[in-house]
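Visitor: Give me the fold of what follows.
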Amino acid sequence: MRRLWITSLLLASSVAMAQLPETDWLELMPPDDRQALEDMPEITHDTPEQDGTFYSPGGLKQQDKELPAVMYSAKTVAALDGKVMRLGGYPVPLETDNQGRSTEFFLVPYPGACIHVPPPPPNQLVLVRYPQGIELSDIYAPIWISGKLQIETVNNDLANAAYAMTADSVRMVEEDDL
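Guide: Residues are numbered from 1 along each chain as shown. I've put the predicted structure just below:
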């Protein structure tokens, strides 16, 4: 009987996760940052790939000190700390397991954020930990992540992020999702 109850609870939990509404990336920014982003002048996207180079020494970190302050913002939304959510985006792989599955990656709001200039601000980057791993054969293919978002400052050589999540599920976006 106990096993049946636990199985039912797990099934209900997975169904609830599958039906989580999508969280919009702008919800990760405080209102003043969202307004500053809307008011920001057009940014030129002089990117390394225009010259046939796909490596930017700064990675996802802001290198252009001329950008508006919102592009460096790590301000977070306190009400999101510990909230279970579903977020769609694009992976930037960081760590893989022995089978080549990504177990840690940054989730970014638009494709190519790892090579385009300027990269997203830290409050638009989520470090995702997914011990089960997922095969990411195309970083331009969108994915869904679900789990509990945490406010966590992450600083590494590639990027600075203001949020992290140990994901309960990660899956590729399928045509039926659109």
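
Visitor: Surely I145 is in a strand?
Guide: Yes - applying DSSP: H, G, I helix; E, B strand; the rest coil, one finds I145 inside a strand.

Visitor: partner residues bridging it?
Guide: Beta bridges link I145 to L87, V170, judged by DSSP bridges.

Visitor: thought it was touching V108?
Guide: No - using Cβ atoms under 8 Å, I145 is not in contact with V108, being 11.7 Å away. Heads up, the C-betas are built off the backbone N, CA and C, glycines and all.

Visitor: what's the overlap in contacts for the two?
Guide: Common contacts of I145 and V108 (Cβ atoms under 8 Å, 6 or more residues apart in numbering): G89.

Visitor: In this protein, what residue spans correspond to helices?
Guide: 2-18, 31-39 (DSSP state H).

Visitor: For the shortest one, the averaged confidence score.
Guide: It refers to helix 31-39. Computed over helix 31-39, the mean pLDDT rounds to 93.

Visitor: now what about it, what contacts it?
Guide: The contact list for helix 31-39, computed with Cβ under 8 Å, 6+ apart, reads 26, 29, 68-70, 73, 75, 121, 123.

Visitor: What segments of the protein are strands?
Guide: Secondary structure of the chain by DSSP state E: the strands cover 84-96, 102-108, 126-134, 143-155, 160-172.

Visitor: Give me whichever of these is most buried.
Guide: strand 102-108 (a mean of 22; mean count of other Cβ atoms under 10 Å).

Visitor: Can you check what angle separates that one from strand 126-134?
Guide: With axes from the mean of the first three to the mean of the last three Cα atoms, to 10 degrees applied, the angle from strand 102-108 to strand 126-134 works out at 150 degrees.

Visitor: L136 - nearest residue in space that isn't next to it in sequence?
Guide: S102 (4.7 Å; Cβ to Cβ, 6 or more residues apart in numbering).

Visitor: Quick check: beta-bridge partners of the most centrally placed residue in the chain?
Guide: Against the mean C-alpha coordinate of the chain, by Cα atoms, centre = their mean, the closest residue is L107 at 2.2 Å. Judged by DSSP bridges, the bridge partners of L107 are P91, V126.
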